[in-house]
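*Asks:* Provided below for reference: sequence and predicted model.
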Amino acid sequence: MEEISVFIKGWMIGIAIAVPVGPIGILCIRRTLAEGRMIGFLSGLGAATADALYGAVAGLGLTFLSDFLIAHRIWLHLIGSGFLCLLGIRTLLSKVSELGQCAEENSCFHAYLSTFFLTLTNPMTLLFFLAVFAGIGVGTAKHPYLAAGFLVSGVFIGSAMWWLFLMVFTGMLRGLFNVNRLKWLNRISGLIIIAFGLFAFLDLF
C-alpha cells in the first residue's frame, strides 16, 4: 500500500510539473500542429524523461551528481537559454511546403532529444525534486530505494499522460490550419521561444 501511495504522489507531481505552459509546451504544440501528434508527443516525452531522470537523482540520493549539477547550474542555464534561442530561430525560419509538413524534416529522434536536452539544462527542476521528495519522506520509508523507484515511475507516467492528452487535443485542431496559418504559427511560436530564451539569459543577471 505504501508503494501505491508513493506512486500516486509521483503521478500527481509529474502532472503538476508538466502542466504550466512554457517554452517546451509552446514547442510541442507547434510541432503537433505543423508535423503531427506523434512528433508533438515524442517532444513532450523527451521532457518527461528528463524530469524522471532528475527525480531519480533526487530520490536515489545521488549526491555526487546532484552537487555537480547544482554547482554548474549557471553554465547549464546559459546553455539552455542559448539552445532555446536556437530552437526559436529555427522554428521562425522553418518553411512550410504543404499542410502539416515542414520542408525541413524533423525526425522522431530529434523531436525527443531536443526537449530532453532542453529540460536537462534547467537544474532548478532538480532542486524542486529534492525539496518535494524530502517533504514526502522517501528517505525515511521502510524500503527507500523501492519507494524512490515508484515515485519516479509515477512522475514519468503522470508527465507523459499530460503530454499525450495535450497533443491529442491539439491534434484535433490541425484541420483549422492551412499553409498560410502554419507560416504564421512558425513565426509567432518562434518569437515566443526566442523571448523565453532571452528572458532566461537576462535572468542570470
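*Replies:* Done, it's in. Since we're looking at a predicted model, the values are computed, not measured. Numbering: from 1, shown residues only.
*Asks:* Just after the helix or strand bottoming out on mean pLDDT in the chain, pick out the following helix or strand.
*Replies:* Of all the helices and strands that make up the chain, the one with the lowest confidence by mean pLDDT, DSSP states H and E is strand 101-102; it has a mean of 46. Per DSSP states H and E, strand 101-102 leads on to helix 108-120 as the next helix or strand towards the C-terminus.
*Asks:* List the buried residues in that next one.
*Replies:* Ala111, Tyr112, Ser114, Thr115, Phe116, Leu118, Thr119, Leu120 (16 or more other CB atoms under 10 Å). C-beta coordinates here come from the backbone N, C-alpha and C atoms, glycine included.
*Asks:* same check, this time on stretch 5-21
*Replies:* Residues of stretch 5-21 classed as buried: Val6, Phe7, Lys9, Gly10, Trp11, Ile13, Gly14, Ile15, Ile17, Ala18 (neighbour count, 16+ other CB under 10 Å).
*Asks:* need the contact list for the residue nearest in space to the middle of the chain.
*Replies:* By CA atoms, centre = their mean, the chain has its centre lying nearest to Ala47, at 2.7 Å. Contacts here follow CB atoms under 8 Å, 6 or more residues apart in numbering; on that basis Ala47 touches Ala18, Ile24, Cys28, Thr115, Phe116, Leu118, Thr119, Ser159, Trp163.
*Asks:* SS state for it?
*Replies:* Secondary structure of Ala47, reduced to three states by DSSP: H, G, I helix; E, B strand; the rest coil: helix.
*Asks:* now the strands for the protein?
*Replies:* Secondary structure of the chain (DSSP state E): strands located at 96-98, 101-102.
*Asks:* quick one: the helices in this structure?
*Replies:* In the chain, the segments counted as helices under DSSP state H are 2-18, 23-35, 37-59, 63-71, 73-93, 108-120, 124-136, 144-171, 179-203.
*Asks:* where are the low-confidence patches of this structure?
*Replies:* Confidence mapping of the chain against pLDDT under 70 gives the ranges 1-3, 59-70, 72, 96-106, 123, 126, 130, 133-145, 204-205.
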